[in-house]
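Asker: need a structure here:
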Amino acid sequence: MSEHTNHQKHLGLPGQPEYRRVLLVSTNYAPERAGIGPYATQLAEHWADSGAEVHVLAGLPHYPAWHTDPAYREVWRTVEERGGVLVHRRRHTVPSSQTALRRALYEASILAHGLLAPPRIPRPDVVVAQLPSLAGGALGLRFAHRWGVPFVPVVQDLMGAAAAQSGIRGGGRSAAVAGAAEAHVLRGASLVGVIHESFMDRVVAMGVPRDRIRLVPNWSHVTRPARPRGETRTWLGWPQDRTVILHSGNMGLKQGLHVLVEVARQAPEVLVVLMGEGNQREALRSLGGSLPNLRFLPPAEEADFPDVLSAADVLLVTQRASVLDMSVPSKLTSYFAAGRPVVASVAPEGGTAQEVRRSEAGLVVPPEDAAALLDAVRRLTRDAAAADELGARGPAYVEAHLSREAGLARMSALLGEALGARGARI
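Answerer: Below is the predicted model of the structure:
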């Protein structure tokens, strides 16, 4: 398929400038089913469904397993159509283990290939980029300046802070460099979107005027559970009369999942399930040894995912104690939709803790504290009515604040405002 198309469609929001062609720079994209990928995919497809010609500059699918999807192992450079969107993929390194050097090479390879082979498309009306990809942000800024169009980065996380807190070897040394690069990208933006208000002060500290920052929270990108919980537990082989606690998503250093191995060790009556991929999966499996109540599952298929979450008694979010994470992990919006209580073992002042407290759909306990986490689980187990009440607040919170329609509309409005701020009308 040619990388040049001439669709004559346009998308216009009431009272806002129209845009006919959008370039989204997002290293992560479908078929990735965790992290930023689903949000980028639903966003691009929403704009395409609304009538815009949408192009995405993406990497090869690799997250959260941190190895290239087998279907793309021989791919160097390609363009494919997915859901009405033209996805331009460029090959890059994929570090199997995280060090500052390997992460730098990963970002450098994304940047280099994007510069050497930019997508061959007509001039877009606006360029959007998903952070924390430093390379994606830098590419988006460069393309927007080259074409003379608005640039709108969306901060899902900030790599500078993450590098300092991640536990990755050499992370502290790379934090200053990453932070400076992020500041350069954000200061060059027409408007900056942030997914949680806890990012506001950090972005302002990077030199971005507060009046150029907009709050664009993520949405729940999964459907509600469809099957009865008991039926799903039988299919999964989970006993009906046993407490099952589940962590879904990336198994990396940042998550501090060793605390759940310790919970399994301290509470043989509790079944601890870790579902997903990540570069710490095998280390966690080794740490757990022969614990019979610690199970590892691959990521659930998209159609099964909501039912698997709903089948657990408690859903878990964990982080290392050294991590003050302003972002809200994508798993949390999915957890709320599943209708089960959440226990968040995270820093009390971070974005995750703030969101759990705001939803009133779970409990917050100190990070890396197995005893506190286990106490919260046991309290919910002893009082099933209270657990069900907490769980029921999640879907209500999603409907009121995290619906897909509202989230996508906020992002479209952000683009319209960016065009208006530049005096552009297509």
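
Asker: where along the stretch 101-250 of the chain do the helices fall?
Answerer: All helices of the stretch 101-250 of the chain, identified by DSSP state H, counting those that start in this stretch, fall at 134-147, 159-165, 171-187, 200-205, 229-236.

Asker: Turn these into JSON lines, columns for mean neighbour count, distance to residue 340 and mean pLDDT.
Answerer: Quick note: C-beta positions are derived from backbone N, CA and C, even for glycine. Shown next, in JSON lines, are those (neighbours: other Cβ atoms under 10 Å; distance: least, Cβ to Cβ, whole Å; pLDDT from 0 to 100):
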{"stretch": "helix 134-147", "mean neighbour count": "22", "distance to residue 340": "33", "mean pLDDT": "97"}
{"stretch": "helix 159-165", "mean neighbour count": "21", "distance to residue 340": "28", "mean pLDDT": "60"}
{"stretch": "helix 171-187", "mean neighbour count": "18", "distance to residue 340": "33", "mean pLDDT": "83"}
{"stretch": "helix 200-205", "mean neighbour count": "16", "distance to residue 340": "30", "mean pLDDT": "95"}
{"stretch": "helix 229-236", "mean neighbour count": "16", "distance to residue 340": "9", "mean pLDDT": "97"}
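
Asker: Include distance to residue 121 when you put these into JSON lines, please.
Answerer: Shown next, in JSON lines, are the helices of the stretch 101-250 of the chain (distance: least, Cβ to Cβ, whole Å):
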{"stretch": "helix 134-147", "distance to residue 121": "10"}
{"stretch": "helix 159-165", "distance to residue 121": "27"}
{"stretch": "helix 171-187", "distance to residue 121": "21"}
{"stretch": "helix 200-205", "distance to residue 121": "29"}
{"stretch": "helix 229-236", "distance to residue 121": "44"}
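
Asker: Of all these, which one is nearest residue 321?
Answerer: helix 159-165 (9.7 Å; Cβ to Cβ).

Asker: Residue 127: which of the helices of the stretch 101-250 of the chain is closest?
Answerer: Comparing the helices of the stretch 101-250 of the chain under Cβ to Cβ, the one sitting nearest is helix 134-147, at 4.1 Å.

Asker: now the angle between helix 171-187 and the closest one, please.
Answerer: The directions of helix 134-147 and helix 171-187 differ by 20 degrees, with axes from the mean of the first three to the mean of the last three Cα atoms, to 10 degrees as the criterion.

Asker: For residue 78, the count of nearby residues, please.
Answerer: 14 (other Cβ atoms under 10 Å).

Asker: Is it correct that it is in contact with residue 71?
Answerer: No - taking Cβ atoms under 8 Å as the definition, residue 78 is not a contact partner of residue 71, at 11.1 Å.

Asker: Name the residues contacting each of those two.
Answerer: When Cβ atoms under 8 Å, 6 or more residues apart in numbering defines a contact, no residue borders residue 78 and residue 71 alike.

Asker: Which residues are in contact with residue 177?
Answerer: Residue 177 neighbours (Cβ under 8 Å, 6+ apart): none.

Asker: and the gap between it and residue 145?
Answerer: 22 Å (Cβ to Cβ, to the nearest Å).

Asker: One more: residue 152?
Answerer: 13 Å.

Asker: next one: residue 81
Answerer: Counting by Cβ to Cβ - residue 81 and residue 145 are separated by 28 Å.

Asker: ok, now residue 384?
Answerer: 57 Å.

Asker: got it, and residue 286?
Answerer: Following Cβ to Cβ, the distance that separates residue 286 from residue 145 is 48 Å.

Asker: do residue 60 as well
Answerer: Applying Cβ to Cβ to residue 60 and residue 145 gives a distance of 26 Å.

Asker: For residue 125, which of the helices of the stretch 101-250 of the chain is the nearest?
Answerer: The nearest among these, by Cβ to Cβ, is helix 134-147 at 9.0 Å.

Asker: Surely residue 123 is in contact with residue 144?
Answerer: No - using Cβ under 8 Å, residue 123 is not in contact with residue 144; the gap is 10.6 Å.
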